[in-house]
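> Kindly return the folded structure for what I paste below:
(chains A and B)
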Amino acid sequence: MMGSALAVLRREAQLAFARRGEVIQPLLLYVLIVTLFGLGAEPNSPVVQKAAADIVWIAALLSSLLGLDRLFRDDLEDGTLEQWLIAPAPATEIVALKLFAHWLLTGLPLTLGAPLLAWMLALPTYPASILALTLLLGSVVLVLIGGFAAALTVAMPRAGAILPLLILPLMCPIVIFGTGAVRSAMHGWPVSAPLYFLGAIAVLGITLIPWAVAAALRNALD
Amino acid sequence: MWTWLHRLASPPTFYRFSEAAGGVFGWAAAGLALIGLFGGLVLAPADYQQGDAFRIIYVHVPSAWLSLLTYTLMAVAGAIALIWRIKLAECVLVSAAPVGASFTALALATGMLWGKPMWGAFWVWDARLTSELVLLFLYLGVIALSQALEDPRAAARACALLAVVGVINVPIVHYSVEWWNSLHQGSTVSRLGKPAIAGSMLWPLLVMTAAFSCFLGWALCRRAQTELLRRERTSTWVRELGEAVHV
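Below is the predicted model of the structure:
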């Protein structure tokens, strides 16, 4: 089990290194969206600070969609996916590892970039750190749901247009709790409730979604 | 009972069953709607605060209830399709999505028409409105997915997975939206509470709900039949059916 886990992770790392550009592009989009929001508002307007959490969250959602349709497509085309599904290791476990690797490449950088973007939007340090914390928990769900939608559409040649319609409605609770926690932090209210909700949804997602992803991939290969 | 259910799951039997059941549902829906509309629009007294504008609830409330019921039904059909791989459940699931989306859209549209004179705005960020809108998007996602995949069986099973994940999400969306709104604005446009509604106003509402449910039954039967014919167009029983119609 450890051997197969390491093999999957090593393969993902090598592929990511080979396509460095594609890994960085979503992050550039992330920064660009926030920059354009700043340019769209009145210079140094307090509105930007009030909306900072929304802006960073929307930017994270949109940039995570970039290239998502290729998450499993490349594996399908070169036959890796088929090997994974017939391998002795359970498919759910391999899928979970693949999603974890994807989170390391997208979710984690989005989280680490959040405080920087928050400072650009003049968010004070404490709400900015809460924003990063909500992204840490929320990006897990984002990657899981994104992976689920990518698995559902893996057999589709142009899935890019349908992915947002599948993913974004399911992300509503995450956006509500994520931005709600930051709003509470700005008012000086306790932030534990929305953070617990985010954590609970993340745990629920980690527990259930890899099964759904594996089932969707198996369905696409049938 | 089980053998009957088992036999019902075979496409030709189901086709004949829904031919009859659809007819019953259709006529029941038409009859109940006539009674309900007469009761709601003519017999029920005008509301002392809202005047005649309240009468839109005879369309609004049944469609809102049915929009949630249809999603649940779709997810149950999806679970059956995934667990037992019953083709019929796939047909029902795919057929239910557009009907449910129409109920949701109708609930939103009638809510907006009512909201303009009552709340002074077509749209407010009320918890119920927002979760209904998210429900509409969930339906549209299922419809888009069912149309995007070419193989009907793979499409139906993908939709089944999406519906099952979605139905877990619906309560989370509902409560998160309520939490968001209660945090966001303390005294918002409060809905009318739930006043103990007068009997003369209530019975047409219940009759209309029954009419809408029968409409759902009728629409599901007919859509599932069409879907079944499309999928089984090469099979013998469909050919025999076609010959019987032509002669």
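> right, and residue B:210 touches residue B:32 too?
Yes - the criterion here is CB atoms under 8 Å, and residue B:210 meets it with residue B:32 at 5.2 Å. To be clear about C-beta, it is placed using only N, CA and C from the backbone, and glycine gets the same treatment.
> so where's chain B shaky on pLDDT?
The model of chain B has pLDDT under 70 over residues B:1, B:182-197, B:246-247.
> which parts of it sit against chain A?
Proximity of chain B to chain A, by CB under 8 Å from any CB of the partner chain, involves residues B:82, B:134, B:137-138, B:140-141, B:144-145, B:148-149, B:151, B:154, B:157-158, B:161-162, B:164-166, B:168-169, B:172-173, B:176-177, B:179-180, B:183.
> Tell me which of residue B:210 and residue B:32 has more neighbours.
Each of residue B:210 and residue B:32 has its neighbours counted (other CB atoms under 10 Å in any protein chain shown); residue B:32 has more, 20 against 17.
> Find me the pLDDT at residue A:25, would you?
Per-residue confidence for residue A:25 comes out at a pLDDT of 92.
> Isn't it up against residue A:68?
No - in this structure residue A:25 lies outside contact range of residue A:68 using CB under 8 Å: 11.8 Å.
> buried residues in the longest helix along chain A?
In chain A, with assignment by DSSP state H, the single longest helix is helix A:192-221. Judged by neighbour count (16 or more other CB atoms under 10 Å in any protein chain shown), helix A:192-221 contains these buried residues: A:194-195, A:197-199, A:201-202, A:205, A:209-210, A:212-217, A:219-220.
> and it, how far from the chain's centre?
12 Å (CA atoms, centre = their mean, to the nearest Å).
> Of residue A:25 and residue A:68, which one has the most company?
Neighbour count, other CB under 10 Å: between residue A:25 and residue A:68, residue A:68 has more, with 24 against 14.
> Would you confirm that the more buried one contacts residue A:164?
No - in this structure residue A:68 lies outside contact range of residue A:164 using CB under 8 Å: 9.4 Å.
> got the contact list for the closest residue to residue B:153 other than its chain neighbours?
Closest residue to residue B:153 apart from its sequence neighbours, by CB to CB, 6 or more residues apart in numbering or on different chains: residue B:90 at 6.7 Å. By CB atoms under 8 Å, 6 or more residues apart in numbering or on different chains, the residues touching residue B:90 are B:77, B:81, B:152, B:153, B:156, B:157, B:160.
> for the helix or strand where the second one lies, packing partners?
Yep, that's residue B:81 we're talking about. According to DSSP states H and E, residue B:81 maps onto helix B:57-84. Helices and strands touching helix B:57-84, by 3 or more CB pairs under 8 Å, 6 or more residues apart in numbering or on different chains; DSSP states H and E, are helix B:87-119, helix B:127-148, helix B:152-184, helix B:199-231.
> To residue A:81, which of those helices lies closest?
helix B:152-184 (14.6 Å; CB to CB).
> Around chain B, pick out the residues from chain A.
Going by CB under 8 Å from any CB, the residues of chain A near chain B are A:148, A:152-153, A:155-156, A:159, A:162, A:165-166, A:168-170, A:172-173, A:176-177, A:180, A:183-184, A:197, A:201, A:204, A:208-209, A:212, A:215-216, A:219-220, A:222.
> For the helix or strand hosting residue A:142, name the packing helices and strands.
Here residue A:142, judged by DSSP H and E, is contained in helix A:125-152. Packing partners of helix A:125-152 (3+ CB pairs under 8 Å, 6+ apart): helix A:52-65, helix A:91-102, helix A:108-120, helix A:163-167, helix A:172-187, helix A:192-221, helix B:152-184.
> ok, residue B:142 - contacts?
B:74, B:97, B:159, B:162, B:163, B:166.
> Of those, which is the nearest to chain A?
For those, the residue nearest chain A by CB to the nearest CB is residue B:162; the value is 6.2 Å.
> From what I see, the closest one and residue B:143 are in contact.
No - Residue B:162 is beyond contact range of residue B:143, at 10.5 Å (criterion: CB under 8 Å).
> where in chain A is pLDDT low?
Where chain A drops to pLDDT under 70, the residues are A:1.
> Mind doing that once more with 50?
For chain A, no stretch has pLDDT under 50.
> just to revisit the earlier point, would JSON lines of the helices and strands packed on helix A:125-152 with distance to residue A:31 be doable?
Shown next, in JSON lines, are those (distance: least, CB to CB, whole Å):
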{"stretch": "helix A:52-65", "distance to residue A:31": "8"}
{"stretch": "helix A:91-102", "distance to residue A:31": "20"}
{"stretch": "helix A:108-120", "distance to residue A:31": "7"}
{"stretch": "helix A:163-167", "distance to residue A:31": "20"}
{"stretch": "helix A:172-187", "distance to residue A:31": "19"}
{"stretch": "helix A:192-221", "distance to residue A:31": "23"}
{"stretch": "helix B:152-184", "distance to residue A:31": "27"}
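> Out of these, which gets nearest to residue B:45?
helix B:152-184 (32.4 Å).
> Buried by neighbour count: which residues of the closest one qualify?
Using 16+ other CB under 10 Å as the test for burial, helix B:152-184 gives B:152, B:154-167, B:169-170, B:172-174, B:176-181, B:183.
> Then stretch A:83-102?
Buried, per 16+ other CB under 10 Å, within stretch A:83-102: A:84, A:91, A:93, A:94, A:95, A:96, A:97, A:98, A:99, A:100, A:101, A:102.
> For chain B, state which of these is nearest.
Taking the buried residues of stretch A:83-102 together and measuring to chain B by CB to the nearest CB, the closest member is residue A:95, at 13.3 Å.
> residues touching that closest one, list them.
Residue A:95 neighbours (CB under 8 Å, 6+ apart): A:84, A:147, A:151, A:210, A:213, A:214, A:217.
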